[in-house]
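>>> Structure for the following, please:
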Amino acid sequence: MKILISNSNKQPIYEQISFQVKEQILRGALAKDELMPSIRNLAKELQVSVITTKRAYEELERDGFIHTVPGKGTYVAGQSLSSIKEKKYKIIEEDLIKIVDDSKMLNISIDELIDRITVIYEQEE
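Numbering: from 1, shown residues only. Okay, the predicted model is just below:
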């Protein structure tokens, strides 16, 4: 599992951890029932507080991405295809809400926004 922490990022560290783990699970880089690093080991590896990694794991567990077996460890939770698709859309929707809000504030029409998204999307292919 690879996680990169940026101190210059406005996003709290626990959210950076949580987001990157979710992303790896949704991409299939972390498989169902794969053992996650312990909270202490991950904190040590990332050079962050145990409290920070604990909060990230709590968020991941609350959202159904991981589950903890007392005395055994924390594992990647099984995800159905519909659940994975729903979670992917939720991540995108959070970003889109901010983009739409910013566009409205800057008086950018929906047609202009859609055109710009289309250009960007097609450039990435």
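
>>> so who does the residue nearest the centre of the chain touch?
What sits nearest the mean C-alpha location of the chain, by CA atoms, centre = their mean, is F19, with 2.2 Å. Contacts for F19 (CB atoms under 8 Å, 6 or more residues apart in numbering) come out as 11, 91. Any C-beta I mention is one placed from the backbone N, CA and C, and that applies to glycine too.

>>> what's the distance between it and V119?
Taking CB to CB, to the nearest Å as the measure, F19 falls 26 Å from V119.

>>> same deal with Y14?
From Y14 to V119 the distance is 35 Å (CB to CB).

>>> higher neighbour count, those two?
Y14 (20 against 9; other CB atoms under 10 Å).

>>> element containing that one?
Using DSSP states H and E, Y14 maps to helix 13-27.

>>> If you count neighbours, what's buried in that helix?
For helix 13-27, a neighbour-count test (16 or more other CB atoms under 10 Å) marks 13-14, 16-22, 24-26 as buried.

>>> what about K104, distance to K98?
Following CB to CB, the distance that separates K104 from K98 is 11 Å.

>>> ignore the last one, Q20
Taking CB to CB, one finds Q20 at 19 Å from K98.

>>> same deal with E45?
30 Å.

>>> and the two? which has more neighbours close in?
E45 (12 against 9).
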